[in-house]
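This is the structure alone, sequence omitted:
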């Protein structure tokens, strides 16, 4: 799994936990719908730190809270 796929999994996990829709996350984070769609459906192969920051802000959490999850700690994540 690449970083973008791990990010999409984390987004889905947080959306469920917080009872949010993807549309609401887009509004709160400032990420455009097309960009979010590319992340969520795997068309995007990389995710920048600024995107992670925006996602974390949309979930009302820090970057560290967003990344502090077993999804990103897995040996299966390809960071290259």
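Okay, I see it. Remember, it's a predicted structure, so these values are computed and weren't measured experimentally.

make it CA atoms for all contacts and neighbour counts henceforth
Will do.

mind showing which ranges of the chain have poor pLDDT?
Counting by pLDDT under 70, the low-confidence segments of the chain come to 77, 79-80.

For the lengthiest helix in it, which residues meet the burial criterion?
In the chain, with assignment by DSSP state H, the single longest helix is helix 3-18. Neighbour counts over helix 3-18 (16 or more other C-alpha atoms under 10 Å) mark 3, 4, 5, 6, 7, 8, 9, 10, 11, 15 as buried.

Could you check how far stretch 21-33 is from the centre of its chain?
Using C-alpha atoms, centre = their mean, to the nearest Å, the mean C-alpha position of stretch 21-33 is found 11 Å from that of the whole chain.

Same check on stretch 53-64?
That offset, for stretch 53-64, works out to 9 Å (C-alpha atoms, centre = their mean).

List the contacts of the longest helix of the chain.
Contact with helix 3-18 is made by 21-22, 39-40, 42, 44-47, 59, 66, 71-72, 77-79, as judged by C-alpha atoms under 8 Å, 6 or more residues apart in numbering.
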